[in-house]
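Quick one, what's the 3D model for this:
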Amino acid sequence: MSGFDEALLLRLQFYLTAAYPCSYLDDRLARSQVAAPGGRVDTAVYSELVRLGFRRSGNHVYRPRCDCCRACIPVRLRVDEFMPNRTQRRCAARNADLTLRLKPLAFEEAHYRLYRRYQGVRHPGAGMDQDDRDQYAGFLLQSQVDSVLAEFSLHGEPVMVALLDRLLDGLSAVYTFYDPNLSSRSLGVYGVLNEIRLAQELSLPYLYLGYWIAQCRKMSYKAAYPPLEQFREGRWQPFIEDANG
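From the prediction side, this is the model:
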């Protein structure tokens, strides 16, 4: 763990889960390494864990540890070196009428309805499209770290919400959902562009984008935001688009 504060991690234990169906690649089994107890993972500890390829879902902190697959590659963007391409600049201009507000992690009925519409169109049958309010809150509104909801509104109505964690060296994009009926706006792209801008404004060098998976379309888009770094073989290094993981 060279370059990391090992003392911060000594308060934790790590265990491997049993195999379960992979959420990203069909006909594959996945396993995760989990940091426990989740209640001890504050911002400082989580910042170290993210640098080691971990992510979180609620208070569940994990990283892939599959037996025969290395397709999930942690990636982060060096925000000060990012230059938007023409498509991304057009996306920013197309959404200039949206209003951004940063909000605490608190339940709002409008956010929950937007989340259910998003899941119902983008991920039907995956289970999350049936999440009730408690499941929604457990997934998005439970955090032991410095977290915020970035709400984007059109004419006073939220059309996109992004959950962001502020780490010691960057922002971590946890989850984003948006109005699926506004596909022409490319809201997912606009969300990433704003996360980059927020990291720059906060003088944080990195935007952590989670896992890049070449064979999974909903995870491979991250290659469109250079310059990326990837965490492989125990260290961060320049990103190479390798379909084999």
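
Hmm, S143 is touching S172, no?
No - with contact defined as Cβ atoms under 8 Å, S143 does not count as touching S172 (10.9 Å). Where you see a C-beta, it was placed from the backbone N, CA and C, and this is true even at glycine.

more neighbours, the two?
Comparing S143 with S172 by neighbour count (other Cβ atoms under 10 Å), the higher total belongs to S172, at 25 against 18.

Contact partners for that one?
50, 55, 164-166, 207-208, 210 (Cβ atoms under 8 Å, 6 or more residues apart in numbering).

For it, list each beta-bridge partner.
D165, Y208 (DSSP bridges).

measure it to R185 for me?
From S172 across to R185, the span is 24 Å (Cβ to Cβ, to the nearest Å).

swap in A137?
For A137, the distance to R185 - Cβ to Cβ - is 27 Å.

Between these two, tell me which one has more neighbours.
Neighbour count, other Cβ under 10 Å: between A137 and R185, R185 has more, with 20 against 16.

So the more buried one is in contact with N95, correct?
Yes - R185 is in contact with N95 according to Cβ under 8 Å; the separation is 5.6 Å.

hey, what's in contact with both of the two?
Common neighbours of R185 and N95 (Cβ under 8 Å, 6+ apart) do not exist.

Any stretches of the protein with poor pLDDT?
1-5, 125-127, 129, 243-245 (pLDDT under 70).

Apply 80 and report the result again.
1-8, 10-11, 123-130, 242-245 (pLDDT under 80).

Which of the three states applies to the nearest residue to A223 once chain neighbours are set aside?
Nearest residue to A223, sequence neighbours excluded (Cβ to Cβ, 6 or more residues apart in numbering): E241, at 5.6 Å. What DSSP: H, G, I helix; E, B strand; the rest coil gives for E241 is coil.

got the residue ranges for the strands in this protein?
Secondary structure of the chain, counting by DSSP state E: strands at 13-16, 20-21, 29-30, 32-36, 55-57, 60-64, 73-78, 99-103, 147-154, 157-166, 170-178, 206-212, 228-232, 235-238.
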